[in-house]
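Q: Sequence first, then the predicted structure, then my questions.
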Amino acid sequence: MSSFNNDGDEHKTTDHSFDDGYGASILLSVWISQMFGGMFLKKPSKEEALMQLRSHGLMFEAWVVAIRVSPYVLQYFQKEEITLDL
């Protein structure tokens, strides 16, 4: 559906308020940036990424050491002595 103004230029008119030709794309881009803004953030610098990788690697290493050492610590503090009878 279209109409003409006094200058003879054609304007798009519809029954839908969201489909006005130009404003809908602007509103859509604003809505997308508000809903999914976290996905389109600027990438961190290489130095920041390496520093975060290093700290995460140290945390992972600490968890691995804690898990590997815990059976020995628990066995050390166990009160009864374990013997192997053949």
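A: Cool, got the structure.
Q: lowest-pLDDT helix or strand in the protein?
A: Lowest by mean pLDDT, DSSP states H and E among the helices and strands of the chain is strand 2-4, with a mean of 52.
Q: what are the ranges of the strands in the chain?
A: With DSSP state E as the criterion, the chain has strands at 2-4, 10-12.
Q: and Pro44, how many neighbours?
A: 11 (other CB atoms under 10 Å). C-beta coordinates here come from the backbone N, C-alpha and C atoms, glycine included.
Q: List the contacts of it.
A: Gln52 (CB atoms under 8 Å, 6 or more residues apart in numbering).
Q: ok, now how distant is it from Phe36?
A: Here Pro44 is placed at a distance of 19 Å from Phe36 (CB to CB, to the nearest Å).
Q: Same question for Leu27.
A: Distance of Leu27 to Phe36, computed by CB to CB: 15 Å.
Q: So these two - more neighbours on which side?
A: Taking neighbours as other CB under 10 Å, Leu27 and Phe36 compare with Leu27 leading, 12 against 9.
Q: May I ask you to name the longest helix in the protein?
A: helix 46-76 (DSSP state H).
Q: Give the rounded mean pLDDT of that one.
A: For helix 46-76, mean pLDDT is 94.
Q: How about stretch 79-86?
A: Rounded mean pLDDT across stretch 79-86 is 78.
Q: Just the CA atoms of that stretch, as PDB, please.
A: Provided in PDB are the C-alpha atoms of stretch 79-86 (Å, rounded to 0.1, in the frame of the first residue of the first chain):
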ATOM      1  CA  LYS A  79      44.100 -44.300  62.500                       C
ATOM      2  CA  GLU A  80      44.100 -47.900  61.600                       C
ATOM      3  CA  GLU A  81      47.000 -49.500  59.900                       C
ATOM      4  CA  ILE A  82      46.400 -51.300  56.600                       C
ATOM      5  CA  THR A  83      48.100 -54.600  56.200                       C
ATOM      6  CA  LEU A  84      48.100 -56.900  53.200                       C
ATOM      7  CA  ASP A  85      47.400 -60.600  54.100                       C
ATOM      8  CA  LEU A  86      48.300 -63.100  51.400                       C
END
